[in-house]
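> The sequence and its predicted three-dimensional model are supplied below.
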Amino acid sequence: MRQITGLSNPTVKYLRALRDKKHRRREARFLAEGLRLLTDAREMRHLPETLAMAEGREPHPLLATLIHDVEAAGGDVIALSEAALSKITGKDNPQAVCGVFAEFDTALDHIDRTRAPLFLVAQAMRDPGNLGTMLRTADAVGAGGLILIDDCADPFSVEAVRASMGAIFTVPLAMARWNEFVPWLRGGTGQLVAASLRDPHDYRGAPYAAPCFVMVGNESQGLPQAYEAECDLRVTMPMLGRADSLNAAIAGAVLAYEVLATLRD
């Protein structure tokens with residue numbers, strides 16, 4: 001295990017730069033924090049290329065297993081001061097462990113529509129916390145994947161990875177433009193469903209069909225009208241208070257559970 005103490009060390013600078021989207025894209029690498037999250041990654045056969053931890057950390061069997069597996073795979077294990085780890089993660093009280101992972105292939109062809117009866121689709125979702133929540137929801141409902149359409153937040157940002165609570169490693173992820181997604185979807189079986197006010201069904205008891213692709217739109221603007229027109233089914237959720245809409249990620253979760261319940265009946 002290498003010991004690094006200086007904040008100006010090249011490794012610290014490299015890891016810190018992975019918080020920047022441009023550097024992350026150029027290196028095709030991303031950061032993930034926390035022993036639980038890194039353990040989930042290991043169990044899904046994703047090992048960090050570099051494992052960084054706070055020096056003097058208390059022994060833990062999960063950490064010992066992680067260190068062993070990273071070193072056995074030829075990865076780098078380093079011990080850092082708390083100040084250096086804080087600089088890397090951007091948090092005053094960082095998790096005691098973080099790792100550098102290679103980004104995944106996010107081509108549409110990696111989504112297997114026979115994998116599950118339900119898939120989630122997010123269009124122009126800009127908030128990394130919402131995106132991470134969508135990943136977490138996809139994991140919770142056993143979705144076959146999350147497809148990001150158009151200009152979404154970076155799913156490999158520290159904020160999105162953190163919000164996913166490990167689902168970044170468990171949920172197949174694809175990224176595409178709308179004009180790529182539609183031909184792919186129509187090239188096989190698949191029902192496209194979205195929340196809408198245009199000729200909608202009530203979301204409860206609507207005629208969902210597998211494989212069902214549940215789509216939510218941008219947090220402030222929703223889905224473009226042309227995108228809604230492409231949907232096979234449009235549904236609405238009643239708003240009983242003063243709010244006129246739900247948070248995009250929450251709306252996706254509500255719809256996903258209703259679709260799942262319907263398809264299981």
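Noted; the coordinates are in hand.
> in stretch 63-73, what counts as buried?
63, 66-67, 70 (16 or more other Cβ atoms under 10 Å). Placement of C-beta: from N, CA and C, glycine included.
> export those residues to JSON lines and tack on distance to residue 51, secondary structure and pLDDT?
Converted to JSON lines, these look like this (distance: Cβ to Cβ, whole Å; DSSP: H, G, I helix; E, B strand; the rest coil; pLDDT from 0 to 100):
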{"residue": "63", "distance to residue 51": "9", "secondary structure": "helix", "pLDDT": "91"}
{"residue": "66", "distance to residue 51": "7", "secondary structure": "helix", "pLDDT": "95"}
{"residue": "67", "distance to residue 51": "7", "secondary structure": "helix", "pLDDT": "94"}
{"residue": "70", "distance to residue 51": "5", "secondary structure": "helix", "pLDDT": "96"}
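> Go through these and name the one nearest residue 1.
residue 67 (7.6 Å; Cβ to Cβ).
> Dig out what the closest residue to that closest one other than its chain neighbours forms beta bridges with.
Leaving aside its chain neighbours, residue 67 sits nearest to residue 77 (5.6 Å; criterion: Cβ to Cβ, 6 or more residues apart in numbering). Counting by DSSP bridges, residue 77 is bridged to residue 51.
> In this structure, where's the longest helix?
Looking across the chain with DSSP state H, the single longest helix is helix 248-264.
> tell me the mean pLDDT over that one?
Per-residue pLDDT over helix 248-264 has a mean of 93.
> Just the buried positions in that helix, please.
Quick answer for helix 248-264 (16+ other Cβ under 10 Å): 248-249, 251-256, 258-260, 262.
> quick revisit: could I get the buried residues of stretch 63-73 as JSON lines with distance to residue 195?
Below are the buried residues of stretch 63-73 laid out as JSON lines (distance: Cβ to Cβ, whole Å):
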{"residue": "63", "distance to residue 195": "43"}
{"residue": "66", "distance to residue 195": "40"}
{"residue": "67", "distance to residue 195": "46"}
{"residue": "70", "distance to residue 195": "43"}
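> closest to residue 135 among the residues you listed?
The closest of those, once distances to residue 135 are taken by Cβ to Cβ, is residue 66, at 21.7 Å.
> circling back to that earlier point, quick one: residues contacting the residue nearest to residue 67.
By Cβ atoms under 8 Å, 6 or more residues apart in numbering, the residues touching residue 77 are 1-2, 50-51, 53, 67, 70-71.
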